[in-house]
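Colleague: sequence and predicted structure, then a few things I'm wondering about:
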Amino acid sequence: MGGLGVRDIQLFNVALLAKQAWRIVTAPNCLLSRVLLGRYCQNISFVDVLPTSNASHGWRSVLKGRDLLITQLGKAVGDGNSTRVWKDRWILSNNTGTPVGPPKEMDRDLMVSDLLTRGTNEWNVAKIKDLFPSLASCIKSIIPSLLRAPDEFIWIPNKDGRYTTKSGYTSAVKYNSLLENGGSPLPVLEWSKKVWASQCLPEIKLFMWKLMQGALPLGANLEKRGCGSTYGFDPDQFSSLSEALLSGMRTICLPPTGVSQPIFPWICWCLWTSRNKLIFENKVLSSSEVLSLSITSAREWWLAQPTAMKAPRQPNLIIPTLNAEVNCVSVFTDAAWRASDGATGCGWIFKDSTRQSTQHGSKCFDNTASALTGEALAICLVLSHALSLGYTRVCVFSDCQVLVRAICSKSSPVELYGLVCDIELLSSLFDYCTLSFISRSLNLEADLLAKSALYNAALTT
């Protein structure tokens, strides 16, 4: 509330209750879920059930959290057997998450598995183009589980698809403000990042918070309190101060000003002090003088800060290592992604314990959503290839640190759900299997194979 970190206790309580609803949705076999679902959801799903007249207070509270949960509840496609095409939000790249338009009578109960080819579990492109021609590219960019992992509920606001009380409370606040404003969304202002974490004086941070909350004696605020008719915010470019702040924080101060941080808070502060000098001291400052004073004040404050504050933060890098177990095959993999058409080239190379190449290959894919998806495709492909070659002990190396961390931490992005499920299942079929990160300089051979595959695919098309 207001950027001070004070929460709306009622909305926060609903966000906590949604945690219990999330537990029932994602773990229906636990004892609590079995008791509640057996008592209240015998003939209907938990997502669609309504409170009965004889429901307990605890169950009504859980449904209150459920109502918040379903506002941002989606499905990650695995085998597609439990995802409804027209009712579940499974096309995450689309605004609505589901196809728009009245379905035909015969397609009303269509499941996502009906859009997949039997046997291969790949998309039936002809059927997709026939039913959803405008969404064909979005649907094809979703990669289902080729090994038929089950579909999974996801919480859309979080990248890993897991519900947290923090994200639930944020969604509750947004949804509540949307209802209060008649369905028109307000600009979202992240106070901790845009105001309290800005590089400026503490008094300027407090000033900016007061400015956004309407706590300063400005003309529009005085008019609301019946203190005279004056001009309010000029809506020529922005409709509100919050929108102006969001735009100003993205503005880069170019050389030779000597300031690398956004100076929008300093400009607002100097405008405020200049206004006070005009009213109380009858001293007039021109616009150029106000701007010059803002830049000078920001530069002086920045130069006075400790050197440690100005030093760029060093990322926590994993030290690359090529140490593999004895009698273990080393597999180097990489992917090259082209953003214009979503094409991805995957390359891999197998090496024995003496670092001699034994196998190598490459393959190209279409309609890949991101470079991260391409890297996951490459790992999934090499694991399947290693099994077909009869290897039982493999050490996989990739130069995509984000993907390696996501797979090892069991917290992968939603877009990789099907691929990560296949990678986990394939890795379990080996006697020994590890996944490690190496630098790009140690993975040049696989990188060259991936780029060659992408280049050759472009020539053939």
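Modeller: Looks like it arrived, so ask away. In this text, all values refer to a predicted model and were calculated from it rather than measured experimentally.
Colleague: neighbouring contacts of stretch 383-399?
Modeller: Contact partners of stretch 383-399, identified using Cβ atoms under 8 Å, 6 or more residues apart in numbering, comprise 322, 324-325, 327-334, 348, 350, 359, 361, 375, 378-379, 382, 404, 423, 426-427, 429-440, 442-443, 447. Yep, even glycine has a C-beta here, placed from its N, CA and C like the rest.
Colleague: and the residues you listed, which are buried?
Modeller: By neighbour count, with 16 or more other Cβ atoms under 10 Å, those hold 324, 328-334, 348, 350, 359, 375, 378-379, 382, 404, 423, 426-427, 430, 433, 435-438, 443, 447 as buried.
Colleague: quick one: contacts for Thr98?
Modeller: Contacts of Thr98 (Cβ under 8 Å, 6+ apart): Val85, Trp86, Lys87, Asp88, Arg89, Trp90, Ile91.
Colleague: buried ones among these?
Modeller: Val85, Asp88, Arg89, Trp90, Ile91.
Colleague: now for the residues you listed: which two are most distant?
Modeller: Val85 and Arg89 (11.0 Å; Cβ to Cβ).
Colleague: show me the contacts of stretch 383-399 that map onto strands.
Modeller: Per DSSP state E, strands hold the following members of these: 329-334, 348, 350, 359, 361, 432-437.
Colleague: so which one among these has the lowest pLDDT?
Modeller: Among the ones in strands among the contacts of stretch 383-399, Gln359 carries the lowest pLDDT, at 88.
Colleague: gap between that one and Leu454?
Modeller: From Gln359 across to Leu454, the span is 20 Å (Cβ to Cβ, to the nearest Å).
Colleague: cool, and Ser428?
Modeller: As for Ser428, its distance to Leu454 is 31 Å (criterion: Cβ to Cβ).
Colleague: kindly report the same for Asp114.
Modeller: For Asp114, the distance to Leu454 - Cβ to Cβ - is 32 Å.
Colleague: and what of Trp301?
Modeller: To Leu454, Trp301 is 48 Å away according to Cβ to Cβ.
Colleague: these two: which is more packed in?
Modeller: Comparing Trp301 with Leu454 by neighbour count (other Cβ atoms under 10 Å), the higher total belongs to Leu454, at 22 against 16.
Colleague: does that one really touch Lys363, like I thought?
Modeller: No - counting by Cβ atoms under 8 Å, Lys363 is not a contact partner of Leu454; they are 10.3 Å apart.
Colleague: what about Ala453, how many neighbours?
Modeller: Ala453 - counted by other Cβ under 10 Å - has 22 other residues nearby.
Colleague: that's a strand at it, yeah?
Modeller: No - according to DSSP: H, G, I helix; E, B strand; the rest coil, Ala453 belongs to no strand; its state is helix.
Colleague: wait, isn't it in contact with Gly345?
Modeller: Yes - using Cβ under 8 Å, Ala453 is in contact with Gly345, at 3.5 Å.
Colleague: need the residues touching each of the two.
Modeller: Joint contacts of Ala453 and Gly345 (Cβ under 8 Å, 6+ apart) are Ala336, Ser362, Lys363, Cys364.
Colleague: in the sheet, who's paired with the first one?
Modeller: Beta-bridge pairing of Ala336, defined through DSSP bridges, involves Gly345.
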